[in-house]
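**Q** structural data only, the sequence is not supplied:
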Ligand code: PEP
Ligand code: CO
């Protein structure tokens with residue numbers, strides 16, 4: 001007698017059904033019954049309640065319509081029709097909520113995206129790590145300096161970076177301040193975009209002749225200028241033909257993302273909206289779950305499974321295929337397109353070993369995901385003097401390996417995720433401007449992980465463009 005063969009997706013579905021049955025009903029607060037890793041220890045519970053109530057009362061930062069639109073775009077990226085560029089600070093700081101910092105961040109993302117669009121001949125989805133990237137997971141809950149032990153710095157949403165008892169004490173009111181700074185940041189981003197900042201007809205915003213970043217290597221500057229004038233030429237040509245489509249290029253879209261780490265903050269703005277089903281996290285378009293908080297039974301996955309936003313999930317070198325399938329079945333039981341962005345962050349030394357089995361398993365199970373590479377978080381090192389850094393060469397090596405491995409697996413690498421800044425910082429070594437370990441202390445500004453500076457970020461965009469260009 002013939003037994004019907006079990007399709008892997010059916011098996012996965014059975015597992016879903018069993019898992020779903022085990023889980024209690026979801027609410028924006030059901031995560032509270034689970035163990036939260038990286039939990040902040042606030043001492044003043046009443047102050048926490050007050051802060052959460054205040055956050056609940058604030059209007060949202062983003063709309064469900066924008067979130068749904070991003071999901072549609074991600075679904076198209078899953079089919080290879082779009083490419084994601086996600087980037088920004090490791091930890092946004094409240095003091096960087098200035099006109100220059102925000103403008104420079106937007107500029108570098110816009111310029112990188114133009115380089116990629118030009119090479120790949122497909123639209124790029126621009127997603128900032130901004131307007132909410134204020135909470136940080138840490139490998140140790142405390143930090144000791146010269147015999148003094150204080151709580152680690154958990155991001156400006158939780159405590160201050162200064163190594164002093166008052167600053168390091170978690171302060172619930174910082175959740176409110178972070179929200180307000182996210183609102184101010186996003187307001188400025190929206191005005192810049194509405195005001196024509198990203199209008200391709202205004203090359204002063206994206207033409208490097210108007211940029212003052214002296215460290216950009218001359219050949220990169222020349223290559224970018226060549227590309228920019230080709231783009232301007234193409235725009236003029238299309239306009240001469242009377243193409244209406246050109247007008248649609250007046251605006252580019254930016255989306256926001258941050259790690260959904262402090263669940264008090266995230267759930268306070270998680271709500272239903274008129275005429276749509278389900279709950280949305282209205283602090284950001286794309287929340288992601290970090291490598292340290294994606295345990296299947298933990299609070300973060302419990303929270304994430306119930307919201308309607310597309311979800312990023314960081315995937316590190318120790319992830320097993322079984323872990324990943326269970327996560328995907330929990331977060332996306334209906335296998336909806338555009339819902340899941342898997343951000344692999346393996347490290348140049350581990351990716352060839354760790355990634356292929358994950359790609360094969362997800363492919364065989366027909367689970368719909370967008371794969372993107374984060375070549376930063378698996379490549380962090382400390383110098384002999386204890387400065388955290390990353391090498392440009394390792395970052396590039398991981399990107400190239402990611403493209404190779406996806407090609408071999410027959411899967412699509414649909415985007416990149418960077419920690420970067422529009423400033424001339426000296427945090428990562430290497431690249432055309434030749435930063436060495438000795439240079440790191442010159443302008444090391446990140447309170448957390450080392451970021452690519454302006455010219456390293458643009459250089460990487462060119463190298464990806466060369467690799468993927470048609
Ligand atoms: C981050 O993106 O800053 C981060 C902490 O990443 P991961 O969870 O991948 O370590
Ligand atoms: Co980081």
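**A** Yes, it's here. Here the structure is a predicted model, which is why all the values come from computation and not from measurement. Ligands and ions are numbered 1, 2, ... in the order given.
**Q** what about residue 143, is that helix, strand or coil?
**A** Assigned by DSSP: H, G, I helix; E, B strand; the rest coil, the conformation of residue 143 is strand.
**Q** which strand residues bridge it?
**A** Using DSSP bridges, the bridge partners assigned to residue 143 are residue 150.
**Q** ok, it - how many residues close by?
**A** 14 (other CB atoms under 10 Å). Every residue, glycine included, has its C-beta placed from N, CA and C.
**Q** for residue 90, same thing?
**A** Applying other CB under 10 Å, I find that residue 90 has 23 neighbouring residues.
**Q** what's the answer for the one 3 residues further on, then?
**A** Residue 93 is surrounded by 19 other residues when neighbours are defined as other CB under 10 Å.
**Q** quick check: it touching residue 161?
**A** Yes. Counting by CB atoms under 8 Å, residue 93 touches residue 161, with 7.4 Å between them.
**Q** overlap of the contact sets of those two?
**A** residue 447 (CB atoms under 8 Å, 6 or more residues apart in numbering).
**Q** now stretch 232-240: buried residues?
**A** For stretch 232-240, burial by neighbour count (16 or more other CB atoms under 10 Å) applies to residue 235.
**Q** could you confirm whether stretch 290-304 reaches ligand 1?
**A** Yes. For stretch 290-304, a contact with ligand 1 is found by CB under 6 Å from any ligand atom, at 290-292.
**Q** could you tell me the end-to-end distance of that stretch?
**A** Its start and end residues considered, stretch 290-304 measures 11 Å (CA to CA, to the nearest Å).
**Q** before we move on, back to that, by neighbours, which of the residues of stretch 290-304 next to ligand 1 wins?
**A** Busiest of those [other CB under 10 Å] is residue 290, holding 22 neighbours.
**Q** for the closest residue to residue 153 other than its chain neighbours, what are phi and psi?
**A** With sequence-adjacent residues excluded and distances taken as CB to CB, 6 or more residues apart in numbering, residue 153 is closest to residue 161, at 4.7 Å. When read as degrees, to the nearest 10, the backbone of residue 161 gives phi -80, psi -20.
**Q** residue 30 now?
**A** Dihedral angles for residue 30 - degrees, to the nearest 10 - are phi -70, psi -20.
**Q** for it, which non-adjacent residue is closest in space?
**A** Among residues not flanking residue 30 along the chain, residue 302 sits closest, at 5.9 Å (CB to CB, 6+ apart).
**Q** how close does the one you found get to residue 26?
**A** Between residue 302 and residue 26 the distance, using CB to CB, to the nearest Å, works out to 7 Å.
**Q** pull up the residues of the stretch 351-470 of the chain that are close to ligand 1.
**A** 377, 449.
**Q** what's the burial count for the residue nearest to residue 30?
**A** By the criterion of other CB under 10 Å, residue 302 has 24 neighbours.
**Q** residues in contact with it?
**A** Neighbour list for residue 302: 23, 26, 30-31, 33-34 [criterion: CB under 8 Å, 6+ apart].
**Q** quick one: mean pLDDT over the strand or helix carrying it.
**A** Using DSSP states H and E, residue 302 sits within helix 299-305. The pLDDT scores in helix 299-305 average 98.
**Q** neighbouring strands for the next helix or strand after it, and are they parallel or not?
**A** Later in the chain than helix 299-305, the nearest helix or strand by DSSP H and E is strand 311-315. When pairs are called by DSSP bridges, strand 311-315 turns out to pair with strand 286-289 (parallel), strand 340-344 (parallel).
**Q** do strand 311-315 and ligand 2 meet?
**A** No. Taking CB under 5 Å from the ion as the criterion, strand 311-315 and ligand 2 are apart, separated by no less than 9.9 Å.
**Q** gap between that strand and the chain center?
**A** 9 Å (CA atoms, centre = their mean, to the nearest Å).
**Q** tell me what the helix or strand following it is packed against?
**A** Elements were assigned by DSSP H and E; along the chain past strand 311-315, the next helix or strand is helix 321-331. In terms of contacts (3 or more CB pairs under 8 Å, 6 or more residues apart in numbering; DSSP states H and E), helix 321-331 is packed against helix 8-22, helix 299-305, strand 311-315, strand 340-344, helix 351-364.
**Q** quick one: contacts of helix 321-331?
**A** For helix 321-331, the surrounding residues in contact (CB under 8 Å, 6+ apart) are 12, 15-16, 19, 23, 294, 296, 301, 304-305, 311, 313, 315, 339-340, 342, 357-358, 360-362, 365, 367, 369.
**Q** now the residues you listed: which count as buried?
**A** 12, 16, 294, 301, 304-305, 311, 313, 315, 339-340, 342, 358, 361-362, 365, 367, 369.
**Q** okay if I get the residues of stretch 290-304 next to ligand 1 as TSV plus pLDDT?
**A** Putting the residues of stretch 290-304 next to ligand 1 into TSV (pLDDT from 0 to 100) gives the following:
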residue	pLDDT
290	98
291	97
292	96
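**Q** in helices only, show me those residues.
**A** Residues from these lying in helices, with DSSP state H as the criterion: none.
**Q** of these, closest to ligand 2?
**A** residue 290 (8.8 Å; CB to the ion).
**Q** give me the pLDDT for residue 216.
**A** Residue 216 carries a pLDDT value of 68.
**Q** near ligand 2, which residues of the chain are found?
**A** Looking at ligand 2, the residues of the chain close enough under CB under 5 Å from the ion are 90, 449.
**Q** look up how far residue 427 lies from the closest residue to ligand 2 within the stretch 351-470 of the chain.
**A** As assessed by CB to the ion, ligand 2 sits closest to residue 449 within the stretch 351-470 of the chain, at 3.5 Å. In this structure, residue 449 and residue 427 are 8 Å apart, going by CB to CB.
**Q** who has more neighbours out of those two?
**A** Taking other CB under 10 Å, residue 449 and residue 427 do not tie; residue 427 has more neighbours (26 against 18).
**Q** surely that one meets residue 391?
**A** No. The pair residue 427 and residue 391 fails to qualify as a contact (CB under 8 Å) at a distance of 11.3 Å.
**Q** make a markdown table from the strands paired with strand 311-315 and add distance to ligand 1 and mean pLDDT to it.
**A** Converted to a markdown table, the strands paired with strand 311-315 look like this (distance: least, CB to the nearest ligand atom, whole Å; pLDDT from 0 to 100):
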| stretch | distance to ligand 1 | mean pLDDT |
| --- | --- | --- |
| strand 286-289 | 8 | 98 |
| strand 340-344 | 7 | 99 |
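**Q** quick one: those strands as TSV, columns for distance to residue 196 too.
**A** Listed next are these as TSV, based on distance: least, CB to CB, whole Å:
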stretch	distance to residue 196
strand 286-289	25
strand 340-344	30
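**Q** where do the helices of the stretch 151-300 of the chain begin and end?
**A** Counting by DSSP state H, counting those that start in this stretch, the stretch 151-300 of the chain has these helices, from start to end: 165-168, 173-194, 218-240, 263-268, 299-305.
**Q** lowest mean pLDDT across the ones you listed, which one is that?
**A** Looking over the helices of the stretch 151-300 of the chain, mean pLDDT reaches its minimum on helix 218-240, with a mean of 76.
**Q** can you list the helices and strands that that one packs against?
**A** helix 99-120, helix 454-468.
**Q** turn the helices of the stretch 151-300 of the chain into a markdown table, including distance to residue 256.
**A** Putting the helices of the stretch 151-300 of the chain into a markdown table (distance: least, CB to CB, whole Å) gives the following:
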| stretch | distance to residue 256 |
| --- | --- |
| helix 165-168 | 27 |
| helix 173-194 | 7 |
| helix 218-240 | 26 |
| helix 263-268 | 13 |
| helix 299-305 | 17 |
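**Q** thanks a lot, see you next time.
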